[in-house]
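>>> Can you look at this prediction? I've put the sequence above it.
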Amino acid sequence: MKIKRVAILTSGGDAPGMNSAIFGAFSECQKNNIQLYGVLNGYDGLIDNKFIELDYQLFNGRINRGGSILKSGRSKRFLKSNYIKIAIDNLKENKIDALIIIGGDGSLKGAMKLRDNGVKLICLPGTIDNDLNFSYTIGFDTATNNIVNAIDNIMDSLSAFNYGATIKIMGNKCTDLLDTVAKAVHTDLLVKEKDFDLPNLVKRIKLQNDGNHLPPVILVLENTVDTEDLATTLQNKCKTQFRPHILGYIQRGGAPSAFDRRYGLSAGSCAVESIINNEYGFAIGMVGENLEKKEIENCFKF
Ligand code: F6P
């Protein structure tokens, strides 16, 4: 079947490099005389029929920024079968031959529902959380560097006073961001679950608190313990000043790293190549150094 019209959307938490992936798909479509449509606001845009034809102007000045030029969304409606039917009808009405979905685990779960209802699609893993079964997801490298840079700045100042820090890190259920950042900022003081071993953490901080070690940096996975409460507790138990930090969306925004741009660009282009070859229904992401296809069912870590 000759592919004429492809649509693309970004869903879930935006991730730096998503725009490169959209551009990769756009460039490949241009080469092959295919019209590429953007769907705005993630799956909600499919339901609300928000299709726009992509052109170079849309990328101008925005391609190398974080976020998503198509905007994103976490659609509650898309969990219901009546809205999925509307989404499929809109794809048909817009004569879309195939769909590219860039997102994390929730987005891939949504994709399976479309696929099971006959929609031809390819998923590209894009999330700062790295919570899919690929070596990297688009955005993970940038977020790691964002967090490392933020902690470096924090510690420049706190180390002048030998203060410690408790720092909340994104990742949802996945500790990949936290573990990778931990190595890069040289700490092994980590809180990854609600019922973590406080006496052990206190013991390790006290052992390091001899004036010969670096100030303690405690990395806390989001949705576990409150960084402010933890700082107060540690301050009382360790007789060291602790300052709590919530880095927030500094982690997710910002210009994508060279790695995420390159990864996004190749993945976007590979998705279109695959569609042209009439191969769809799976996800394409990095395994080691290469882009590989995986059944969507095999992409989930949680
Ligand atoms: O999935 C990316 C992520 O930033 C997670 O790390 C975090 O749990 C979540 O999104 C935050 O979601 P929201 O942007 O809806 O607040």
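On my side now, so go ahead.
>>> packing partners for the helix or strand where Ile122 lies?
Per DSSP states H and E, Ile122 falls inside strand 121-125. Applying 3 or more C-beta pairs under 8 Å, 6 or more residues apart in numbering; DSSP states H and E, one finds that strand 121-125 contacts strand 98-103, helix 105-116, helix 258-276, strand 282-287. Every C-beta, even on glycine, is put in place using the N, C-alpha and C of the backbone.
>>> Of the ones you listed, which stretch is the most buried?
Compared across those, strand 98-103 shows the largest average neighbour count, a mean of 29 (mean count of other C-beta atoms under 10 Å).
>>> Report how many residues lie close to the closest residue to Tyr83 other than its chain neighbours.
Closest residue in space to Tyr83, ignoring its immediate chain neighbours: Arg77 at 4.2 Å, by C-beta to C-beta, 6 or more residues apart in numbering. Arg77 is flanked by 16 other residues according to other C-beta atoms under 10 Å.
>>> do the one 3 residues further on as well
Other residues lying near Lys80 total 12 when counted by other C-beta under 10 Å.
>>> Just the pLDDT at the residue nearest to Tyr83, thanks.
Per-residue confidence at Arg77 stands at 98 (pLDDT).
>>> Same check on Asn209?
pLDDT, Asn209: 79.
>>> Renumber starting at 773 from here on
Noted, 773 is the first residue going forward, which turns the last one into Asn981.
>>> number of nearby residues for the residue of the chain found nearest the ligand?
Residue nearest to the ligand within the chain (C-beta to the nearest ligand atom): Gly785, separated by 2.8 Å. Gly785 is flanked by 23 other residues according to other C-beta under 10 Å.
>>> Domain-wise, how is this structure divided?
Following automatic domain parsing, one gets these domains for the chain: 777-911+1028-1071, 913-1022.
>>> highest average neighbour count across the ones you listed?
Mean neighbour counts for those (mean count of other C-beta under 10 Å) peak at domain 777-911+1028-1071, with a mean of 21.
>>> and the end-to-end length of stretch 960-976?
10 Å (C-alpha to C-alpha, to the nearest Å).
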